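**Student:** Output the structure for:
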Amino acid sequence: MFVRVNGIRLYVDVEGAGLVPDGPRMRPKPTLILLHGGPGADHSLYKPAFSALSDIAQIVYYDHRGCGRSEDGPRESWTLAQWGDDVKGLCDALGIEKPIVLGTSFGGFVAQSYATRHLEHPAKLILISTAAKVDFSAIYAAFERIGGPRASRAAQDYWSAPSPETRAPYTEICLPLYTPRARGPAEWVPRLISRNETGIWFNGANNEQGRFDFRAALADLNSPVLVMGGEDDPIMPIAFSETIAASLPPEHLRFERFAGCGHGIVPDDPERALAVLRNFILAGA
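**Tutor:** From the prediction side, this is the model:
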């Protein structure tokens, strides 16, 4: 379905009931909002794995503006401030109060924008394979370590000058290194709606991806935050998750490291990753 948010239509899908029968009453389940990576990808990255959590939470999937099935809006609105405000706007449109917001990779950037701009709104925050500040030199070194000089060069070519010409070899050479435990191409690749123009607009050291910095603002968060990082992630190295953890109030932090995992923690270690998520969602319920 489509929901109008901040002047554009966002594509939204909902899994699971928000109210479930519990003896003589209807018991509300928490709402889990999933913010996909990219930018330029879509929410299908989360399907079907996250259906495993639909028994404990109503799950809201959606495509960010300029991504997937959602409308573009003006390109000048492809900013973390607007994407973050769209999370709040979607909640307002759907009547969602105190959501649990989960963001992976670029979705984690959006989640931090939302949470730091709307401090009292989230019930909980989950940040997976993401960064508060991107250090491109660390990314190039990680690709060198995992994929050798060819991978490092492809990464430097794309992230220093995003374009269709540099994105194609990056996708071919570097993307398979995101998930080291994968056996062959990921099954979601053919069904993904790729909006490369959105990634090229945002990505790179000279675009907003190279400018944003949430480190200071994270200190103001007052809701529980789960940080999950893969120790073999080349695009969001584990040091990025460590920086997020160090920036958060310690009393609100839960930090989980995943040995042997790359950028896709859930695909790489689904049993432990989903158990950690389930425990965090249910904590305090």
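
**Student:** going forward, measure contacts and count neighbours with C-alpha atoms only.
**Tutor:** Will do.

**Student:** what's the nearest residue to Asn207 if we skip its chain neighbours?
**Tutor:** What sits nearest to Asn207 in space, not counting adjacent residues and going by CA to CA, 6 or more residues apart in numbering, is Trp201, at 7.2 Å.

**Student:** Run a quick neighbour tally on that neighbour.
**Tutor:** Residues within reach of Trp201, counting by other CA atoms under 10 Å, total 19.

**Student:** To which secondary structure element is it assigned?
**Tutor:** Using DSSP states H and E, Trp201 sits in helix 196-202.

**Student:** Next secondary structure element downstream of the top helix by length along the chain?
**Tutor:** Identified as the longest helix of the chain according to DSSP state H is helix 136-160. Downstream of helix 136-160, the next assigned helix or strand under DSSP H and E is helix 164-173.

**Student:** By neighbour count, which bits of that next one are buried? Give me those.
**Tutor:** Within helix 164-173, the residues scored as buried using 16 or more other CA atoms under 10 Å are 166-167, 169-170, 173.

**Student:** How about stretch 92-104?
**Tutor:** 99-104.

**Student:** Skipping adjacent residues, who's closest to the residue most central in space within the chain in space?
**Tutor:** Residue closest to the average C-alpha location in the chain (CA atoms, centre = their mean): Thr104, at 2.0 Å. Using CA to CA, 6+ apart and skipping the chain neighbours, the partner closest in space to Thr104 is Ile128 (4.6 Å).

**Student:** what is the one you found paired to in the beta sheet?
**Tutor:** Ile128 has the following beta-bridge partners by DSSP bridges: Thr104, Met228.

**Student:** State the number of residues packed around it.
**Tutor:** Count around Ile128 with other CA under 10 Å applied: 26.

**Student:** isn't it right up against Phe109?
**Tutor:** No: when contacts are counted by CA atoms under 8 Å, Ile128 is not listed as touching Phe109 (10.0 Å).

**Student:** Identify the contacts common to those two.
**Tutor:** Gly103 (CA atoms under 8 Å, 6 or more residues apart in numbering).

**Student:** Quick check: the residue nearest to the centre of the chain vs Glu197, distance?
**Tutor:** 20 Å (CA to CA, to the nearest Å).

**Student:** returning to what we had before: tell me the angle of the longest helix of the chain relative to helix 164-173?
**Tutor:** In terms of direction (axes from the mean of the first three to the mean of the last three CA atoms, to 10 degrees), helix 136-160 departs from helix 164-173 by 130 degrees.

**Student:** hmm, back to that, now, among the buried residues of stretch 92-104, which is nearest to Leu32?
**Tutor:** Ile100 (4.8 Å; CA to CA).

**Student:** Before we move on, what's the pLDDT of that closest one?
**Tutor:** Note for Ile100: predicted pLDDT of 98.

**Student:** My understanding was that it contacts Leu35; is that so?
**Tutor:** No: in this structure, Ile100 is not within contact of Leu35 by CA under 8 Å, at 10.9 Å.

**Student:** got the buried residues for the strand or helix carrying Arg272?
**Tutor:** Using DSSP H and E, the element containing Arg272 is helix 270-282. Neighbour counts over helix 270-282 (16+ other CA under 10 Å) mark 273-274, 277-278, 280-281 as buried.

**Student:** same deal with stretch 36-47?
**Tutor:** 36-46.

**Student:** Also stretch 47-66?
**Tutor:** In stretch 47-66, counting by 16+ other CA under 10 Å, buried: 50, 53-54, 56-66.

**Student:** Give me the contact list for it.
**Tutor:** 8, 10-18, 29-36, 40, 42-43, 69-73, 75, 78, 83, 195, 198, 266, 274, 278, 281-282.

**Student:** helix or strand right after the lengthiest strand in the chain?
**Tutor:** Identified as the longest strand of the chain according to DSSP state E is strand 8-15. Beyond strand 8-15 on the C-terminal side, the first helix or strand identified by DSSP H and E is strand 19-22.

**Student:** Could you tell me which residues make contact with Val101?
**Tutor:** Contacts of Val101 (CA under 8 Å, 6+ apart): 32-35, 111, 122, 124-126.

**Student:** try Ala93
**Tutor:** Shown in contact with Ala93 (CA under 8 Å, 6+ apart): 3-5.

**Student:** Doesn't it belong to a strand?
**Tutor:** No: secondary structure assignment (DSSP: H, G, I helix; E, B strand; the rest coil) places Ala93 in helix, not in a strand.
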